[in-house]
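**Q** Provide a 3D model corresponding to the input given below.
(4 chains)
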There are 2 protein chains.
Amino acid sequence: MSNRRPTIADVAAYAGVSVGAVSFALNGRPGVGEETRKRILDTARELGWQPSHGARSLSTSRSFALGLVLARAPESIGSDPFFPAFIGGVEAVLAPRGQSLVLQVVPDAEAEIAGYRRLGGESRVDGVFLTDLRCSDPRLSLLTEIGLPAVTLNRPDIESGFPAICLDDRPGIATAVGHLVGLGHTRIAHVAGPTELLHGRGRHEAWTAALDEAGLAPGPVVESDFTAAGGAAATRELLGLAERPTAIVYANDLMAVAGMAVAHERGYVVPDDLSITGFDDMELSAHVHPALTTVRTDPFGWGRAAARVLLDLVEGSDPGDEDVTPGTLVIRRSTGSAPG
Amino acid sequence: MSNRRPTIADVAAYAGVSVGAVSFALNGRPGVGEETRKRILDTARELGWQPSHGARSLSTSRSFALGLVLARAPESIGSDPFFPAFIGGVEAVLAPRGQSLVLQVVPDAEAEIAGYRRLGGESRVDGVFLTDLRCSDPRLSLLTEIGLPAVTLNRPDIESGFPAICLDDRPGIATAVGHLVGLGHTRIAHVAGPTELLHGRGRHEAWTAALDEAGLAPGPVVESDFTAAGGAAATRELLGLAERPTAIVYANDLMAVAGMAVAHERGYVVPDDLSITGFDDMELSAHVHPALTTVRTDPFGWGRAAARVLLDLVEGSDPGDEDVTPGTLVIRRSTGSAPG
DNA sequence: GAGAGCTACTAAACCGCTTTAGTCACCAGC
DNA sequence: GCTGGTGACTAAAGCGGTTTAGTAGCTCTC
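**A** So this is what the prediction gives:
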């Protein structure tokens, strides 16, 4: 049967025109008669022609693919609710435009640099997504240096020259704290993400600001690492305090759920003895006991926005930063009136 | 500064040889003197030369990339502990070999077909991973038809002609059931995954077989969908039964944890009134209350194995099926002696 | 000391597409 | 009737590698 995939030359021969004409016709460019164009298109369809990605990318020096490098420890990669959803959103805009996503998963930040270097150096991708932004992120200057277009998820703390998807965690945290304050809590602790991560730091700052706004002294903070084990350890630390908090605001759901389990173990009842809020609203959060009050975010939407902006950028237009909807508080059963 | 990326011709000119010689040297082929080879390699490094992916793939008609198409609903994609870890394993072997992973996330099975068709048709990838195998999976014949090499995760129920990564869920489920039987349970229910999925069906069959082996009548089964909401609904159904089970074997952890929450809500104490086992051992499972007894699997290892086999296949050798380690039971606190 | 057989290398074709520079027929205008 | 312009199309030159065919220079052999 089909010995070999048909090339543009085959289409040209069958349609009785030159390859140039076929190329023009297929790309919808002027210079081909209406009738001829139709004949070419029909022939291409009949032959089952599909463009060769390699050839096209060689001649246009574009690869029609975008890259994402993720630094994640193998053991914790499975429970990150963010990145699969983000990728889903990215794909939702890439696929219809015939673009692909090249994913690289690496164990640490160092390998991440190498990853971007390779992706750019080999011209495997036309641009990259920059997630998990760190303070003074070294990847920004790297990408500028190798001239690889990028879009950052979150606005970097230094001038980057790249468009940013601006996500503001502050309103989400603020409403969570406000909710707790409204329930009468005054000792509100925080289990933070790593401070070198911009979103870890941002949520922490938002918590501080919200307490300040409420006229409360900043409660105890434990810096953790966004993992379940880390959340559990942080919770043990907080519950061991002499003046233990009556509410804990966690920087993500995973730590919050793990913290809730620790509270149960210690004999505290959530929310009677301790109120707990999370961040992300992962699928399971509505299905633990008690269901978790948390801040719902929209990583899928972020992915869509990021992909749109990056695509615009590599296609030559000059997109500005884009704001995306901040998280909203979902009140469930893990928060209640302050005890006593 | 660096106006343009150096090409192989630049390297040739600087080293004072022909492009052919450079190509030979860079690819470690014979026909170049030792001294010349060294000079070429040094020059390439100095100039910061990196191969152009498009050019190479055009002339070799290989794309140095493997593809994975995932059909996942946007709302549940974030809580799947399998695929991120699987991808991590895949990357662990791809990256060192200079290969890339092209990921496509689509909403449903229909779009999945189109995804593979595009990946293959455009020659964007040299081979693909086939996960979430379904009964009489139509993708198998599609891939055979378009001549795209593949490796299947799990052994398909029909002849496929592709190497398979054979993962056997039976020992895991069998030990879980055995563990419950040993604790005196006789009414052991199952919350299954969708039967059209091979692993959903496989775990169900393993449960049936294990009960049979123990001389017990098959308990009630509810077919669910691997989601938290589905697990919760299934649990409500089981707990509403006249002869309610004293133990439930869930086909994955997500449903198990959600089921545990339902049990709590209804006032049952786990494990005193109801024992619960999961499958996967996701990160959170060790950090819920009570900690979940479950079957630990190794999706990272599966990813590594699948990548190795697929790479061998596209590079021309003829790898056979590969067995990977079955899951092992991790006993925690969600299982205990049968009540009464 | 001429032909055979190596080794080390060069020249050029080729992969399949895009794109520029032409070519050709036809019509308008003076 | 000749020039100039325009629309439709062709020829051919890239893009940056790989690979085949070929060639020069050398040693070995009888």
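**Q** And the next helix or strand past the host helix or strand of residue A:177?
**A** Using DSSP states H and E, residue A:177 maps to helix A:170-182. Remark: after helix A:170-182, the chain's next helix or strand is strand A:188-192, criterion DSSP H and E.
**Q** Let me see the mean pLDDT of that following strand.
**A** Here strand A:188-192 scores 98 as its mean pLDDT.
**Q** Which neighbouring elements make contact with it?
**A** helix A:170-182, helix A:198-213, strand A:221-223, helix A:228-239, strand A:247-250, helix A:253-265 (3 or more C-beta pairs under 8 Å, 6 or more residues apart in numbering or on different chains; DSSP states H and E). From N, CA and C alone the C-beta is placed, and that goes for glycine too.
**Q** Note down every partner strand of it and its orientation.
**A** Using DSSP bridges, strand A:188-192 pairs in its sheet with strand A:221-223 (parallel), strand A:247-250 (parallel).
**Q** Next one, pLDDT for the nearest residue in space to residue A:331 that is not next to it in sequence please.
**A** Distance criterion C-beta to C-beta, 6 or more residues apart in numbering or on different chains; nearest residue to residue A:331, sequence neighbours excluded, is residue A:293 at 5.1 Å. pLDDT, residue A:293: 98.
**Q** Would you enumerate the residues in contact with residue A:293?
**A** A:176, A:179, A:275-278, A:329-335 (C-beta atoms under 8 Å, 6 or more residues apart in numbering or on different chains).
**Q** ok, now residue A:131?
**A** Contact analysis of residue A:131 by C-beta under 8 Å, 6+ apart lists A:68, A:70, A:83, A:86, A:153.
**Q** With adjacent residues omitted, what lies nearest to the last one?
**A** Once flanking residues are discounted, residue A:153 sits nearest to residue A:131: 4.6 Å by C-beta to C-beta, 6+ apart.
**Q** for the second one, same thing?
**A** In this structure, residue A:70 finds its nearest non-sequential neighbour in residue A:105, 5.0 Å apart by C-beta to C-beta, 6+ apart.
**Q** For that neighbour, what are phi and psi?
**A** phi -110, psi 120 (degrees, to the nearest 10).
**Q** show me what contacts it?
**A** Applying C-beta under 8 Å, 6+ apart, the residues contacting residue A:105 are A:69, A:70, A:72, A:77, B:84, B:87, B:88, B:91.
**Q** helix, strand or coil for the first one?
**A** Which is residue A:69. strand (DSSP: H, G, I helix; E, B strand; the rest coil).
**Q** which residue ranges form the strands in chain A?
**A** A:65-71, A:100-106, A:127-130, A:150-153, A:164-166, A:188-192, A:221-223, A:247-250, A:275-277, A:294-296, A:322-323, A:328-330 (DSSP state E).
**Q** ok so, going back, which stretch among the helices and strands packed on strand A:188-192 comes nearest DNA strand D?
**A** helix A:198-213 (36.1 Å; C-beta to the nearest atom of the strand).
**Q** Which pLDDT value goes with residue A:31?
**A** Residue A:31 is assigned 84 on the pLDDT scale.
**Q** ugh, typo on my part, it should be residue A:3
**A** At residue A:3, pLDDT is 58.
**Q** got the buried residues for stretch A:68-77?
**A** The neighbour-count check on stretch A:68-77 (16 or more other C-beta atoms under 10 Å in any protein chain shown) flags A:68, A:69, A:70, A:71, A:72, A:74, A:76, A:77 as buried.
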